[in-house]
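**Student:** test case, fold it:
(2 chains)
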Amino acid sequence: MQIYLPIAEVSVNAFLLLGLGGIVGVLSGMFGVGGGFLMTPLLFFIGIPPAVAVATEANQIVASSFSGVLAHLRRKTVDLRMGTVLLVGGLVGAAIGVQIFAALTRIGQVDLLVRLSYVVFLGIIGSLMFVESVRAIQRARANPEAVPAPRRQRGWIDALPFKMRFRTSGLYISVIPPLLVGFFVGVLAAIMGVGGGFVMVPAMIYLLGMPTKVVVGTSLFQIIFVTGFATLMHATTNFTVDMVLAVLLLVGGVLGAQIGARIGVYLKAEQLRVLLAIMVLAVCGKLAFDLLVMPSELYSLGTPGAAH
Amino acid sequence: MIRAAAILLTWAVLSAQAAAETVVAGLSRDAISITTNFEGSEILIFGAVSRTAPPPPDSELHVIVTVEGPPRPVTVRRKARRFGIWVNTDAIEVDAAPTFYAVASTAGFATVMTATEDLRRRVSIPTAIRAVGTNVGDQDSFIQALVRIRTAAELYQFNEGGVTLRDQTLFDTSIRLPANLVEGDYRTRIFLTRDGEVIDALSQNITVRKVGLERWIYNLAHDQPLAYGILSLAIAIAAGWLASAVFRYLRG
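**Tutor:** Numbering: from 1, shown residues only, chains lettered A, B, ... in the order given. Take a look at the predicted model:
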């Protein structure tokens, strides 16, 4: 069934969108990631204009994160104070990110920026995750009783001023690192149309030293506001949020996430991470290939003047 | 006003006397609605040639039909390899290129219309694109690329032999409008030609509009972007809450 998207102004198959939403939802349910980093490139592949794909995906992430954070709030695994500090950085980052996005749309380089960001971040995170999880599997095979490696020292981060106590996380650290992490993820959220969970979660564990059990909930908490803000900014600056597209993706995503969560129960954490890493690297490889290989059509069309 | 009407009427009478052959035409529909499940549309354009004298025996009558979507400015960008990756480097701005353009004719384009007539009336695809005052040297290759990309998307159609003419009198053609149409007035033109010269022409508009939900969403997004953004968020939050509530209910 073809459906005409009023903002994207293209006609796409509704079942394809529901299916994509479902598949990404299954993966996000299995791995506990928002799935934006997979969905946005997939939307590019099926011909949704990048500007619309990025803005609409931000809107969809609001829904999946909200659904997720409710569960975490009930389990009291959300550090609201840390989330608020991250959020302050995140909102500033998202505001700047949307302006960068609009400026690049005008000069015709937005495609390049979005694709390059994807290749770089998916490449780095995918590789790190792959190496780390393969080692974890090897360690588990060599010695099933092994304890996880101790957390690294965070020397220079402890030396920064403006310290604050984060009770839920059991931390007493400077607000500067969380502000910077939040800012950075906010910029990414606006430019790449992702929640940034796949950057935020490792940063919270390894840079801020937060306990793993509060990381996902806190990350989701601040992602809701950052992507919500990015949605509003895209809607008012670029007019690129497509409500019909968002709803189709939402329905598939919400159903898929629940199925994924059940599949995830049957797999080990390391196996899940290896699979996720392979998937991330595959998306990265496809995008990198498109940038490196001579395109079959060297020309492209755009709208002059305003970003919209 | 009255004088203008009188002049127009006189001109109409005179031109009717001058032209031995005139075109009378109809469209299968004069309005197209883009609904949520819009899959494109086919329009049938048909008509007849009305004559006050027998047709000249030594030349052949031809019919050209064009359908033109609202013109919009467009930027054509070209990629080149920089630092090992393909990036947009050169660009030209085309002042007005039709968002949709279809040409159908009874025979090869060179047979049915001379280059001069084509330039004057902007009938073939390249002449329908207006690009002036750009400073990139090889502007033609950008225009060709524009035509190539839109032809591949079925937005530009060039169908030589697509018009059927029976007994030098009745003609018909059908033109397929793809699903990704832009809103606006689509101008349909019909030309009668002999020896490559236009002997009569007719123009009629087809209105293409988004309707219903499509119309509402598009208007809201552009007229009240803040309200639209808030509504999008409200839908997302409601969906997230609903999913959480439903699955908690299923588990519990």
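**Student:** can you tell me the element whichever residue of the stretch 1-150 of chain B sits closest to chain A falls in?
**Tutor:** When distances are taken as Cβ to the nearest Cβ, the stretch 1-150 of chain B reaches nearest to chain A at B:Ala145, 3.5 Å away. Every C-beta, even on glycine, is put in place using the N, C-alpha and C of the backbone. Assigning secondary structure by DSSP states H and E places B:Ala145 in helix B:139-152.
**Student:** give me the contacts around that helix.
**Tutor:** Helix B:139-152 is contacted from outside by A:297-301, B:74, B:76, B:78, B:92, B:94, B:97, B:101, B:125-126, B:129, B:131, B:134, B:136, B:156-158, using Cβ atoms under 8 Å, 6 or more residues apart in numbering or on different chains.
**Student:** now with 6 Å?
**Tutor:** A:Tyr299, A:Leu301, B:Val76, B:Ile92, B:Ile125, B:Ile129, B:Tyr156 (Cβ atoms under 6 Å, 6 or more residues apart in numbering or on different chains).
**Student:** sketch out the low-pLDDT regions of the stretch 1-150 of chain A for me.
**Tutor:** Applying pLDDT under 70 to the stretch 1-150 of chain A flags the ranges A:31-34, A:108, A:143-150.
**Student:** rerun that using 50 as the cut-off
**Tutor:** Along the stretch 1-150 of chain A, the parts satisfying pLDDT under 50 run over A:146-147, A:150.
**Student:** any chance you could note which residues of it sit beside chain B?
**Tutor:** With Cβ under 6 Å from any Cβ of the partner chain as the criterion, the stretch 1-150 of chain A meets chain B at residues A:2-4, A:6-7, A:10-11, A:59, A:62-63, A:66-67, A:70, A:108, A:112.
**Student:** same thing but 7 Å
**Tutor:** Counting by Cβ under 7 Å from any Cβ of the partner chain, the positions of the stretch 1-150 of chain A adjacent to chain B are A:1-4, A:6-7, A:9-11, A:59-60, A:62-64, A:66-67, A:70-71, A:108-109, A:112.
**Student:** can you check the stretch 201-308 of chain A too?
**Tutor:** Near chain B, when you scan the stretch 201-308 of chain A using Cβ under 7 Å from any Cβ, you find A:228, A:231-232, A:235-236, A:239, A:241, A:243-244, A:246-247, A:250, A:254, A:258, A:291-292, A:294-295, A:297-304.
**Student:** how far does whichever helix in chain A runs longest sit from the chain's center?
**Tutor:** In terms of residue count, the longest helix belonging to chain A (DSSP state H) is helix A:110-142. Averaging C-alpha positions (Cα atoms, centre = their mean, to the nearest Å) puts helix A:110-142 14 Å from its chain's average.
**Student:** sorry, back to before: and the residue of the stretch 1-150 of chain B closest to chain A, how many neighbours?
**Tutor:** B:Ala145 has 19 neighbours, counted by other Cβ atoms under 10 Å in any protein chain shown.
**Student:** look at it and report its pLDDT.
**Tutor:** Listed pLDDT for B:Ala145 reads 87.
**Student:** which residue ranges of the stretch 1-150 of chain A form strands?
**Tutor:** Taking DSSP state E, counting those that start in this stretch, the strands of the stretch 1-150 of chain A run over residues A:2-5, A:10-13.
**Student:** quickly compare these and say which is most buried.
**Tutor:** Stretch with highest mean neighbour count among the strands of the stretch 1-150 of chain A: strand A:2-5 (a mean of 22; mean count of other Cβ atoms under 10 Å in any protein chain shown).
**Student:** partner strands of that one and their direction?
**Tutor:** strand A:10-13 (antiparallel) (DSSP bridges).
**Student:** and the partner strand, how far out from the chain's middle?
**Tutor:** Relative to where its chain is centred, strand A:10-13 has its mean C-alpha point 25 Å off (Cα atoms, centre = their mean).
**Student:** how about B:Val76, phi and psi?
**Tutor:** Main-chain dihedrals, B:Val76, degrees, to the nearest 10: phi -110, psi 120.
**Student:** how about it, what does it touch?
**Tutor:** Residues counted as contacts of B:Val76 (Cβ atoms under 7 Å, 6 or more residues apart in numbering or on different chains) are A:Tyr299, A:Leu301, B:Ala91, B:Ile92, B:Val94, B:Phe142, B:Ala145, B:Leu146.
**Student:** apply 10 Å and report the result again.
**Tutor:** Applying Cβ atoms under 10 Å, 6 or more residues apart in numbering or on different chains, we find B:Val76 in contact with A:299-302, A:304, B:90-94, B:97, B:131, B:134, B:136, B:139, B:141-146, B:149.
**Student:** do the same with A:Ile107
**Tutor:** Counted by Cβ under 10 Å, 6+ apart, A:Ile107 has contacts A:Gly302, B:Arg77, B:Asn88, B:Ala91.
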